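Chemist: Sharing a sequence plus its predicted fold:
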Amino acid sequence: MDDTDLVGVLAEWCAIPSTVGDSAGAAEMRAAVAARLAATGALIRDHPLADGTHALVGTMRPQQALQLLVLAHTDTPYGADHPVRRATREGDRLVGPGAAEMKGGIVVALAALGAFETT
């Protein structure tokens, strides 16, 4: 992913309503992250948890001795009625639900994983 693509992906993800406790939004975010993770060559698994939620598990090079674990969440505290629902540009900043927190972090982590795989 180049820088423009990173910003575009983040803007798309910020537009996905994934409020804490919203199972439909969580599923939409899992699918979005899974698609990007699969593009890095990861094997994708949706892992149901005891509380009824799901964890997305991506595995790359499982045979390697050295492994890296990346943990993240995709929910935000913004409800459907909150005025901050989509990402907006403010100068050189992208502002939106999850942009500076975990959704942005996941985009960067996926870009790093992609870079690892191509170097």
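Modeler: Great, that's in hand.
Chemist: where exactly do the strands run in this protein?
Modeler: 43-48, 54-59, 88-90, 93-95 (DSSP state E).
Chemist: Mean neighbour count, mean pLDDT and distance to L110 added to the ones you listed, as CSV?
Modeler: Every C-beta, even on glycine, is put in place using the N, C-alpha and C of the backbone. Below are the strands of the chain laid out as CSV (neighbours: other Cβ atoms under 10 Å; pLDDT from 0 to 100; distance: least, Cβ to Cβ, whole Å):
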stretch, mean neighbour count, mean pLDDT, distance to L110
strand 43-48, 11, 92, 12
strand 54-59, 14, 91, 9
strand 88-90, 11, 84, 21
strand 93-95, 14, 86, 16
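Chemist: I'd like the ones you listed as TSV, with distance to A35 appended.
Modeler: As requested, those are exported to TSV (distance: least, Cβ to Cβ, whole Å):
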stretch	distance to A35
strand 43-48	9
strand 54-59	11
strand 88-90	24
strand 93-95	20
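Chemist: Can you show me the helices along this protein?
Modeler: Counting by DSSP state H, one finds helices in the chain at the ranges 3-14, 23-39, 102-118.
Chemist: Now render the ones you listed as TSV, adding distance to G79 and mean neighbour count.
Modeler: Converted to TSV, those look like this (distance: least, Cβ to Cβ, whole Å; neighbours: other Cβ atoms under 10 Å):
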stretch	distance to G79	mean neighbour count
helix 3-14	15	17
helix 23-39	11	17
helix 102-118	16	17
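Chemist: Go through those helices and find the least confident stretch.
Modeler: Here the lowest mean pLDDT among these goes to helix 3-14, at a mean of 85.
Chemist: Can you verify my assumption that G96 contacts I16?
Modeler: No: with contact defined as Cβ atoms under 8 Å, G96 does not reach I16; the gap is 10.3 Å.
Chemist: quick one: which of the strands of the chain is nearest T118?
Modeler: Nearest of the strands of the chain to T118, taken as Cβ to Cβ: strand 54-59 at 16.7 Å.
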